[in-house]
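> Output the structure for:
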Amino acid sequence: MEKIDLNEIISVAKNEIPADLLLKNAKIVNVFSGEVYPDDVVIHKGYIAGFGENRNAQKVIDLKGQYLFPGFIDGHVHIESSMVSVSEFARTVVPRGTTSVMIDPHEISNVLGSAGISYMLKSSKYSPVNVYILLPSCVPATDLETAGAELKALDLLPFLNDKWVLGIGEMMNYPGVINRDSEVLDKIRIATNVKANVDGHAPKVSGFDLQAYISTGIGSEHECTTIEEATERLRLGTYIMIREGSSARNLRAILPLVNNSNAHRFMFVTDDRSPADLLAEGHINNMVKIALNAGLSPAIVARLASFNACQYFCIPRMGAVAPGYIADLVVLDNLSDANVAMVIKNGELVAKQGHLIYDFPVQSPIKVRSSINIRWMEEKDFHITASDGLHQAHVIGIIPDQIVTEHLMEEIEVKDGLIQPDVDRDILKIAVVERHYATGNIGKGLVKGFGLKKGAIASSVAHDSHNIVIIGTNDIDMVNAVIQIRKMQGGLVIAADGKIVEALPLPIAGLMSEQPLTEVRTKLDSLTKIAHEFGVKVDAPFGTLSFLSLPVIPCLKLTDKGLVDVEKFKLINLLD
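Here you go, the predicted model:
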């Protein structure tokens, strides 16, 4: 958007010359006065110029008493979780009222490193949503797995010169901060030296450790699940990012803490939203609806949904309906179901009644390198050898609707020197295949509670390093599923009876599709339906699968390097 012409905006404000756009009969939601009141709004060259009757404009839209909010902002989101490109994500969220997002490209950076950040920056241009970036702080998350890249402070430093980069993303390595790890602290220093933000991520940390963590300048927290956690952080000066995502939903638990005195310290974030949830529930508009129905005033909701994020991230002249502010606006036709009637971006109408009316400019495709690099695989690669007889085995126990797992001990019978899945007892094979450098690493283990009765299910979406994770009832289908992922350059697969039953290609870093979100959702629904027909008991099979390789979430996980006892933070043998 062009810079504001002061002489021209003054002339429009004084009603000396016509504005570009007049919004008549609006009910303005004012984040400064806390009021909702009727008025007309004039917009010129992408900025709000003023209010009042008898204004002249080249174009007039009569809002007929509908509510005018500042454009909604997601203060922390991983676009990769939507499984679609940035432009397709924008096509989905803009009609739902989102005009800006603060993304942490943590997932794609664990695959592509700096190239992943560059890809997200380039992909975000010429979009009807502002895409600001917080640089990923933990690539890789641990040394217990093989990631596709390593990003040190010096790798991140050049990106801080980009106007769309706001600082360092969620500092997940809170032990590294508290214990003064030099590389971790360097990442904080490069941000604070240029007065950039550092986002927080310190679940369950409390007392002196929390104070030490926040003393470094880390300014936010999105992992609060209780009022007690949020209160402690609020008292220490932290902005509370209230999260309502697909994996974690904390909005209703935290909302009762918000009041007139502290509302300026909260903001809405989604963290991650699945294709199904984006289409069925929406985005920040869904949080606005919940908050309004919980009894928060429209002005406070507008602060949480927009203005406060601008204050925290030091973005001037955005997030309010006021003169001199960027005209990113959302029109709601009522306050009960918060239906988004119109979306205005930079003074232009870009969506109406749920339909995008913005024309994306024609661009050359932005290419990324191949990221599925594996050696030739055979059935024997998934064999787990041991001496014949009965053994005690460490088994990953799935807890429904949770990303934490149990550390189970189960008796396993070994025949002919091989451990076999025990489908009757729901003890299946799980494997993680390293896919970045073709090292040949394959972590192998056992999992209980998934419910699969036939075939294999595999995914290249496997937090945080995104190697290929597979659960299977037999080695042949496990191999076939991995080979199909290699052919697609990433994705989700179900194989059975020596054939590929269903698959969703995710060729962008093995994480995202180039197809419309509706098509991705349809294919994902098909995969989920088949998985359930094959006996899988968990509601979201691929979501559950993606977290079984995350070695920072208790209790027992599997990486390409082997079984990880997360509580001891070390690799362990499968058999005792």
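> From here on, just use CA atoms for contacts and neighbour counts.
Noted.
> what sits against the residue most central in space within the chain?
What sits nearest the mean C-alpha location of the chain, by C-alpha atoms, centre = their mean, is residue 78, with 2.5 Å. Each residue near residue 78 by C-alpha atoms under 8 Å, 6 or more residues apart in numbering is listed here: 103, 104, 105, 106, 107, 271, 272.
> Filter these down to the buried ones, ChimeraX style.
Selecting only the buried entries of the contacts of residue 78 in ChimeraX, with 16 or more other C-alpha atoms under 10 Å as the criterion:
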select :103,104,105,106,107,271,272
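> possible to save the contacts of residue 78 as JSON lines with distance to residue 146?
Listed next are the contacts of residue 78 as JSON lines, based on distance: C-alpha to C-alpha, whole Å:
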{"residue": "103", "distance to residue 146": "24"}
{"residue": "104", "distance to residue 146": "20"}
{"residue": "105", "distance to residue 146": "18"}
{"residue": "106", "distance to residue 146": "15"}
{"residue": "107", "distance to residue 146": "14"}
{"residue": "271", "distance to residue 146": "24"}
{"residue": "272", "distance to residue 146": "23"}
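> out of the contacts of residue 78, who's nearest residue 467?
Closest approach between the contacts of residue 78 and residue 467, by C-alpha to C-alpha: residue 107, at 11.4 Å.
> So the closest one lies in a helix, does it not?
Yes. Read with DSSP: H, G, I helix; E, B strand; the rest coil, residue 107 is one of the residues of a helix.
> isn't it right up against residue 80?
Yes. Residue 107 is within contact range of residue 80, at 6.7 Å (criterion: C-alpha atoms under 8 Å).
> Mutual contacts of these two, please.
In terms of C-alpha under 8 Å, 6+ apart, residue 107 and residue 80 are both contacted by the residues residue 511.
> For residue 286, list the residues it contacts.
residue 338.
> what do you get if the cut-off is 10 Å, keeping everything else the same?
Residue 286 makes contact with 96, 97, 244, 278, 280, 337, 338, 339 under the criterion C-alpha atoms under 10 Å, 6 or more residues apart in numbering.
> In helices, which of these fall?
278, 280 (DSSP state H).
> List buried residues within the contacts of residue 286.
Buried members of those, scored by 16+ other C-alpha under 10 Å, are 96, 97, 244, 278, 338, 339.
> And those residues, which two are furthest apart?
Spanning the widest gap among the buried ones among the contacts of residue 286 are 244 and 339, at 18.3 Å by C-alpha to C-alpha.
> Which parts of the chain belong to which domain?
For the chain, the domain assignment from automatic domain parsing gives the residue ranges 76-291, 379-572.
> Tabulate those domains (CSV), appending mean pLDDT and distance to residue 346.
Shown next, in CSV, are the domains of the chain (pLDDT from 0 to 100; distance: least, C-alpha to C-alpha, whole Å):
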stretch, mean pLDDT, distance to residue 346
domain 76-291, 95, 9
domain 379-572, 95, 25
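> quick one: which of those domains is nearest residue 59?
That would be domain 76-291 among these, by C-alpha to C-alpha, at 20.3 Å.
> what about the closest one, distance to the chain center?
8 Å (C-alpha atoms, centre = their mean, to the nearest Å).
> Any chance of the backbone angles for residue 454?
phi -150, psi 150 (degrees, to the nearest 10).
> so when I look at residue 546, I'm seeing a helix, right?
Yes. Counting by three-state DSSP, residue 546 is part of a helix.
> Check the gap between residue 143 and residue 550 for me.
For residue 143, the distance to residue 550 equals 12 Å [C-alpha to C-alpha, to the nearest Å].
> who's more crowded, these two?
residue 550 (26 against 11; other C-alpha atoms under 10 Å).
> If you drop the residues flanking it in sequence, what lies closest to the more buried one?
Leaving aside its sequence neighbours, residue 550 sits nearest to residue 463 (C-alpha to C-alpha, 6 or more residues apart in numbering; 5.3 Å).
> Could you count how many residues lie near that neighbour?
For residue 463, the count of nearby residues is 23 (other C-alpha under 10 Å).
> Hmm, residue 495 and residue 484 touching each other?
Yes. Here residue 484 reaches residue 495: they are 9.0 Å apart, a contact under C-alpha atoms under 10 Å.
> hey, C-alpha coordinates of stretch 205-224 in CSV?
Below are the C-alpha coordinates for stretch 205-224, written out as CSV (Å, rounded to 0.1, in the frame of the first residue of the first chain):
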residue,chain,number,x,y,z
VAL,A,205,7.0,-23.4,33.9
SER,A,206,6.5,-21.4,37.2
GLY,A,207,8.2,-19.6,40.0
PHE,A,208,11.8,-18.5,39.7
ASP,A,209,12.3,-20.5,36.5
LEU,A,210,9.4,-18.6,34.8
GLN,A,211,10.8,-15.3,36.1
ALA,A,212,14.2,-16.2,34.7
TYR,A,213,12.6,-17.1,31.4
ILE,A,214,10.7,-13.8,31.1
SER,A,215,13.6,-11.7,32.4
THR,A,216,15.3,-12.2,29.0
GLY,A,217,12.7,-10.1,27.2
ILE,A,218,10.4,-12.9,26.1
GLY,A,219,7.1,-11.1,25.8
SER,A,220,4.2,-13.5,25.2
GLU,A,221,2.8,-16.9,26.0
HIS,A,222,0.3,-19.0,24.1
GLU,A,223,0.6,-22.3,26.1
CYS,A,224,-1.6,-21.2,29.0
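> Pull out the buried positions in that stretch.
Counting neighbours by 16+ other C-alpha under 10 Å, the buried set in stretch 205-224 is 209-210, 212-214, 217-224.
> Next step: the residues you listed restricted to strands.
If you go by DSSP state E, the buried residues of stretch 205-224 have 220, 221 in strands.
> out of the buried residues of stretch 205-224, which one sits closest to residue 560?
Using C-alpha to C-alpha, these come closest to residue 560 at residue 223, 27.5 Å.
> where does the closest residue to that closest one other than its chain neighbours fall, phi/psi-wise?
Nearest residue to residue 223, sequence neighbours excluded (C-alpha to C-alpha, 6+ apart): residue 203, at 5.4 Å. Main-chain torsions, residue 203, degrees, to the nearest 10: phi -60, psi 140.
> So what's the residue count around residue 203?
Neighbours of residue 203 under the rule other C-alpha under 10 Å: 15.
> show me the contacts for it.
Going by C-alpha under 10 Å, 6+ apart, residue 203 touches 172, 174, 210, 221, 222, 223, 224, 225, 229.
> now it: how far from residue 344?
Applying C-alpha to C-alpha, the value for residue 203 to residue 344 is 37 Å.
> do the same with residue 490
Taking C-alpha to C-alpha, one finds residue 490 at 36 Å from residue 344.
> Which of the two has more residues huddled nearby?
Legend: neighbour count by other C-alpha under 10 Å for residue 490 and residue 344, higher for residue 490 (30 against 23).
> what about residue 24, which SS state?
Counting by three-state DSSP, the backbone at residue 24 sits in strand.
> ok so residue 318 is a helix residue?
No. Counting by three-state DSSP, residue 318 falls outside a helix, being coil.
> In contact with it, which residues are there?
47, 70-71, 100, 306-311, 324-329.
> And for residue 568?
Applying C-alpha under 10 Å, 6+ apart to residue 568 gives the contacts 554, 555, 556.
> gap between it and residue 556?
Counting by C-alpha to C-alpha, the gap from residue 568 to residue 556 is 10 Å.
> residue ranges for the strands of the stretch 251-400 of the chain, please.
With strands called from DSSP state E, counting those that start in this stretch, the stretch 251-400 of the chain shows them at 266-269, 329-332, 340-345, 348-352, 355-356, 389-398.
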